[in-house]
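> Only the shape, not the letters, is given here:
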């Protein structure tokens, strides 16, 4: 039974990662975001590493998606996940993400390069992306908060890519090259797009890190865990750029977003640290919604009875003449016993007659006023003819 469970989890991770990698490549090929064919020489030599960045990033995302979805299915069956099982799921997801390599190596055979073999270059970037994605997937399995930042950064990157390519779909001629994390639609000037490529990824990482770290802090996570969420998503993008390289020194077409991706790691860490460590505003206690005011249904508790021996707080002119004028406590206040007529007190004096003393002096009922017991052993009122002890 355990073998079947392990086999099902590993096959699920393998299949989901393969589908995630193939799905991303299908969308990228369909919209023209990734083009691995043609000549990449002369002024277009730096467009080739821009394509390699997409390949490595797709493989990393595929590994993370396969591991996360499989981990959720595993926690639904058995909530207590072991470390060995999570490592195995991450490894199976990375193996499935390597399917990006053959899907990219086949069209790369039609690419024309001078310095490197395009087929091997694409395969190496895809495998390295899968390995990086395996490490990120295992980290997400142990800390799900990291996956929130990865999903946020990935969503912004896909949105920027679609905004950049959609205006060119209805035009004639070859589609423009789209770089990872760079806003470059056809209506935007090339110089403006180049300047934005240095700040767009850092701004995205800063905001995503602040949001995910704040949400993690709201859920009660420690500041160290909340602060680490800001580098998860930018880290995948930066590793993809590091794998592809900064390109040739002919122009800064690839170099500018390359350094922008590296700066994004620091920006994401800064945003997450600010949200995790800064003091949040505290609401006033007077506006606390948890305070329950007395109503007609929930009335305030009545004041308790005065303690035995407590002095009266009434005005001096309302005191009775039989009250003690001095501040020395009476015998009853000192002993706390009931008064019995003619019985000596602890001081050797006889106690006053109960018919002439103040009725408020008696604090404990006499023994003949104690409740009697019935035949069943329960306490009840004493009968009139009950003999007195």
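Perfect, I can see it now. All figures in this text were calculated on a predicted structure; none of them were measured in a lab. Numbering: from 1, shown residues only.
> what about the strands in the stretch 1-150 of the chain?
Ranges of strands within the stretch 1-150 of the chain are 38-39, 111-112, based on DSSP state E, counting those that start in this stretch.
> Show me where the stretch 51-200 of the chain has its helices.
For the stretch 51-200 of the chain, the helices defined by DSSP state H, counting those that start in this stretch occupy 83-97, 100-108, 118-142, 145-165, 190-218.
> Packing partners of the first one?
Under the contact criterion of 3 or more C-beta pairs under 8 Å, 6 or more residues apart in numbering; DSSP states H and E, helix 83-97 touches helix 2-31, helix 47-77, helix 118-142. No exception for glycine: its C-beta is placed from N, CA and C like everyone else's.
> go on, the last one?
If you count contacts as 3+ C-beta pairs under 8 Å, 6+ apart, helix 190-218 packs onto helix 145-165, helix 223-228, helix 232-244, helix 255-277.
> which one of those is the most hemmed in?
Among the helices and strands packed on helix 190-218, helix 232-244 has the highest mean neighbour count (mean count of other C-beta atoms under 10 Å), at a mean of 26.
> So, low pLDDT: which residues of the stretch 1-150 of the chain?
Applying pLDDT under 70 to the stretch 1-150 of the chain picks out residues 1-4, 76-81.
> same thing with the stretch 201-350 of the chain?
The model of the stretch 201-350 of the chain has pLDDT under 70 over residues 221-226, 279-350.
> can you tell me which residues contact residue 235?
By C-beta atoms under 8 Å, 6 or more residues apart in numbering, residue 235 lies in contact with 136, 265.
> State the distance from it to residue 216.
Between residue 235 and residue 216 the computed distance is 16 Å (C-beta to C-beta, to the nearest Å).
> can you check residue 143 too?
Using C-beta to C-beta, we find residue 143 at a distance of 9 Å from residue 216.
> So which of the two has more stuff around it?
Neighbour count, other C-beta atoms under 10 Å: between residue 143 and residue 216, residue 216 has more, with 27 against 15.
> how near is the more buried one to residue 268?
Remark: distance between residue 216 and residue 268 (C-beta to C-beta) = 13 Å.
> Need the winner for burial among the helices and strands packed on helix 83-97.
Looking across those with neighbours counted as mean count of other C-beta under 10 Å, the highest average goes to helix 47-77: a mean of 25.
> That helix - contacts with which helices or strands?
Applying 3+ C-beta pairs under 8 Å, 6+ apart, one finds that helix 47-77 makes contact with helix 2-31, helix 83-97, helix 100-108, helix 118-142, helix 145-165, helix 232-244.
> Nearest to residue 47 among those would be which one?
helix 232-244 (11.3 Å; C-beta to C-beta).
> quick one: the closest one to helix 145-165, angle?
Regarding helix 232-244 and helix 145-165, their directions subtend 60 degrees when assessed with axes from the mean of the first three to the mean of the last three C-alpha atoms, to 10 degrees.
> mind checking which of the helices and strands packed on helix 47-77 is nearest residue 48?
Proximity to residue 48 (C-beta to C-beta) singles out helix 118-142 among the helices and strands packed on helix 47-77, at 7.4 Å.
> could you say what helices and strands the closest one packs with?
helix 47-77, helix 83-97, helix 100-108, helix 145-165, helix 232-244.
> how about those helices, which one is nearest residue 7?
Checking these against residue 7 by C-beta to C-beta gives helix 83-97 as the closest, at 10.3 Å.
> ok, now how distant is residue 50 from residue 122?
Residue 50 sits 13 Å away from residue 122, taking C-beta to C-beta as the criterion.
> do residue 19 as well
Between residue 19 and residue 122 the distance is 20 Å, computed by C-beta to C-beta.
> cool, residue 174 as well?
Residue 174 sits 20 Å away from residue 122, going by C-beta to C-beta.
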